[in-house]
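> take a look and give me a structure for this.
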Amino acid sequence: MTEAHSAVDQISNLGTSAVRESFSFDEDALARWMGAHVEGYAGPLAVEQFKGGQSNPTYKLVTPARTYVLRRKPPGDLLKGAHAIEREAQVLSALADTGVPVAKVYGLCTDDSIIGSWFYVMEMVEGRIFWDATFPDVPRQDRAAYFDAMNATIAALHNVDYKVAGLSDYGKSGNYYARQIARWSRQYHEDADAGHDEGMDRLIAWLPTAIPAGDETSVVHGDFRCDNLIFHPSEPHVLAVLDWELSTLGHPLADFAYHAMMYRMPPDIVAGLARADLSVLGIPSEADYIEAYCRRTGRTDIAGFDFALAFNLFRLAAIFHGIKGRVIRGTAASNNASERVKALPALIAMACAQMDACA
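Residues are numbered from 1 along each chain as shown. This is a model prediction of the structure:
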């Protein structure tokens, strides 16, 4: 992947490095497994580790004929239900023929004895990743087309018939907000290493009482951001959606609100557009972006959008809280995880402000 330059601290996410000692494994054992399970594999094999990624360690596997990507569960004690890389492999395989751009999965290994944890191997998709939501490397006149490509991709995902795609067992249908609030509240409470926060406690108490009426079910990505997309090297076209760890069956409007949250998000937390002059940059407004999604998914508006933003800010804060716990335990996959954790108080404050705005 050829990655676009980044703002703030994102530069540390770019590219690969030698495999860090705490994430090393028996590379010969991996090569033997690939020889037996990956069609067309031929060594020798060289392994590098991607610098980015906060949860599941990700590696670049280089051979003379082809380059692959490996995603694995991290070493050490893991929270129940977290790091389910087998689900990533399942959804990528199921979406391969739906029109949603995804990387091809070559194999899944659920044998801990190979490299020490479960993993899967997929194709390496060459293109650009933009860590900065203002797309600074794209000419102003082209930026709207890149945003339209993102919009079309998430709409295509939500338009997939998950039953036809063979994903009826990929999650529970209905009550997505209630189930997600319970899940992230539980993980927050169970991660004693990361401690507790008064704002998070307020959110956990309020969110279940404010869930809006109405429900829908689709495949949801869970972390749909510009920096989880691989774009064509020179065109406004999405080649692959990355990082499906949080995907499940859920409410498509919650998923879209998480993506649209980029309009409210400061760029020093995750890729965001807060304080950016959209008209000067040639980027569509939040209202226009929402309208384009509604048109593509056959709806007139997004009911409960303000609640969806509060929920997603809480969920992102819970994810950062989990990163904090992994930093304390020494199992964080990214080498800039400690910097990420510094943004947790600001993220909790944003979630609480959105909650108060809904009240």
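
> other residues contacting stretch 157-176?
Contacts to stretch 157-176, defined as C-beta atoms under 8 Å, 6 or more residues apart in numbering, come from residues 87, 90-91, 94-95, 98-100, 179, 215, 217-221, 224, 241, 247-252, 254-256, 296-297. All C-beta atoms are positioned from the backbone trio N, CA, C, and that covers glycine.

> gap between the two ends of that stretch?
With C-alpha to C-alpha, to the nearest Å applied, stretch 157-176 spans 17 Å between its terminal residues.

> in ChimeraX, how would I select the buried members of the contacts of stretch 157-176?
Remark: buried members of the contacts of stretch 157-176, expressed as a ChimeraX selection using 16 or more other C-beta atoms under 10 Å:
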select :87,90,91,94,95,98,100,179,217,218,219,220,221,224,241,247,248,249,250,251,252,254,255,256,296,297
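
> need the three-state assignment for the residue nearest to Ile115 when sequence neighbours are not counted.
Leaving out its chain neighbours, the residue that sits closest to Ile115 by C-beta to C-beta, 6 or more residues apart in numbering is Phe25, at 3.8 Å. Here Phe25 is recorded as coil under DSSP: H, G, I helix; E, B strand; the rest coil.

> Phe25 and Phe135, how far apart?
Phe25 is 36 Å from Phe135, where distance means C-beta to C-beta, to the nearest Å.

> for Tyr120, same thing?
The value you get for Tyr120 to Phe135, if C-beta to C-beta is used, is 30 Å.

> and if you look at Thr331?
33 Å.

> and for the nearest residue to Thr98 once chain neighbours are set aside, the neighbour number?
Computed as C-beta to C-beta, 6+ apart, the closest residue to Thr98 that is not its neighbour in sequence is Val160, at 5.0 Å. By the other C-beta atoms under 10 Å criterion, the neighbourhood of Val160 contains 17 residues.

> mind checking which helix or strand Val160 is in?
Following DSSP states H and E, one finds Val160 outside all helices and strands.

> okay, it: pLDDT?
Val160 carries a pLDDT value of 98.

> just the strands from the stretch 101-250 of the chain, written as ranges.
Ranges of strands in the stretch 101-250 of the chain, per DSSP state E, counting those that start in this stretch, are 105-109, 119-123, 128-129, 218-220, 229-231, 238-241, 248-250.

> looking at the ones you listed, spot the one closest to Ile154.
strand 238-241 (8.6 Å; C-beta to C-beta).

> in its sheet, what does that closest one sit against?
Here strand 238-241 has these sheet partners by DSSP bridges: strand 229-231 (antiparallel).

> contacts for the partner strand?
Here strand 229-231 makes contact (C-beta under 8 Å, 6+ apart) with 1, 125-130, 146, 149-150, 153, 237-242.

> how far away is the most centrally placed residue in the chain from Tyr258?
Nearest to the mean C-alpha position of the chain, counting by C-alpha atoms, centre = their mean, stands Asp223 at 3.3 Å. To Tyr258, Asp223 is 7 Å away according to C-beta to C-beta.

> can you tell me the closest non-neighbouring residue to the residue nearest to the centre of the chain?
Setting aside the residues directly before and after it, Asp223 is nearest to Leu246 in space (C-beta to C-beta, 6+ apart), at 5.0 Å.

> residues contacting that neighbour?
Shown in contact with Leu246 (C-beta under 8 Å, 6+ apart): 221-223.

> closest to Arg326 out of the residues you listed?
Nearest to Arg326, judged by C-beta to C-beta, of the contacts of Leu246 is Asp223 at 16.4 Å.

> that closest one contacts Asp243, correct?
Yes - contact criterion C-beta atoms under 8 Å: Asp223 and Asp243 qualify, at 5.6 Å.

> residue contacts, His221?
Contacts of His221 (C-beta under 8 Å, 6+ apart): 154, 157, 228, 241, 244, 246-247, 255.
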